[in-house]
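# Fold the stuff below for me.
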Amino acid sequence: MGLRDILRSMVGANKLRGGDPDEADFSWTELGWDDLHREELRGGDPLGEDLRGVDLRMACLRGRDLRDADLRDADLRGANLNWCDLIGANLSRANLSGAEINWATLIGANLRGVNLRGANMHGTNLRGTYLKGARYDSRTLWPDEFEVMKSGAVKDGVND
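Numbers count the residues shown, from 1 in each chain. Next comes the predicted model:
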């Protein structure tokens, strides 16, 4: 899904009023993946597969279908990823500090080297998730009964 599709979804969410993005002239803008921070991009169609390095700080992605998305090096600080489908997604080296990731599905996702400091993952399904080298701290909230010590994630101040 390209930028035009994102704009179309924003029209449906009343983010852009009064116009069809297929008809509008956006040539004057510098809209790109960098400009999605603080946007509300809930539900709906998949955002797309290639979101490498995208700035999604504080974005509301609640309920998005992000299956198999490439979110390597993405900035998701403080983002709302509650109820997201992240099955098979690659989030390696992404910054998820302070993110809300409650009741999301991350089965088989790659979270190698991810920053999870202060992230809240209550009720999240982390089955088969690769967490080697992911960093977390005392504020990070893991799903009940998740065995973080066996996950490969590293707590700040331990083994530094």
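# What does the pLDDT read for the nearest residue in space to residue 93 that is not next to it in sequence?
Spatial nearest neighbour of residue 93, chain neighbours left out: residue 113 (4.6 Å); criterion: CB to CB, 6 or more residues apart in numbering. For every residue, glycine as well, the C-beta is placed using N, CA and C. Model confidence at residue 113, expressed as pLDDT, equals 97.
# Kindly report the same for the one 10 residues further on.
At residue 123, the model reports a pLDDT of 97.
# And the strands in this structure?
Remark: strands assigned in the chain by DSSP state E are 135-136, 154-155.
# So what touches the first one?
Translated: strand 135-136. 113-117, 119, 142, 148, 153-156 (CB atoms under 8 Å, 6 or more residues apart in numbering).
# Check stretch 149-157 too.
116-117, 126, 129-138, 148.
# gap between the two ends of that stretch?
14 Å (CA to CA, to the nearest Å).
# Return the set of buried residues in it.
151, 153-155 (16 or more other CB atoms under 10 Å).
# Now do it, average pLDDT.
In this model, stretch 149-157 has a mean pLDDT of 93.
# Ok, stretch 66-76 next?
Across stretch 66-76, the average pLDDT comes to 95.
# what's in contact with that stretch?
Counting by CB under 8 Å, 6+ apart, 37, 46-57, 59, 84-96, 99 sit against stretch 66-76.
# Pull that stretch out as CSV, backbone CA atoms only.
Backbone C-alpha positions of stretch 66-76 (Å, rounded to 0.1, in the frame of the first residue of the first chain) are rendered in CSV as follows:
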residue,chain,number,x,y,z
LEU,A,66,0.5,-5.6,10.1
ARG,A,67,1.1,-9.2,9.3
ASP,A,68,4.5,-9.9,7.7
ALA,A,69,5.2,-6.1,7.7
ASP,A,70,8.9,-5.0,7.6
LEU,A,71,9.2,-2.5,10.4
ARG,A,72,13.0,-2.8,10.9
ASP,A,73,14.4,0.3,12.5
ALA,A,74,11.0,1.9,12.7
ASP,A,75,10.4,4.5,15.4
LEU,A,76,7.3,3.4,17.3
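# just to revisit the earlier point, filter the contacts of stretch 149-157 down to just the buried residues.
Here, 16+ other CB under 10 Å leaves 116-117, 126, 129-131, 134-136, 148 buried among those.
# Next, the distance between the ends of stretch 58-69.
19 Å.
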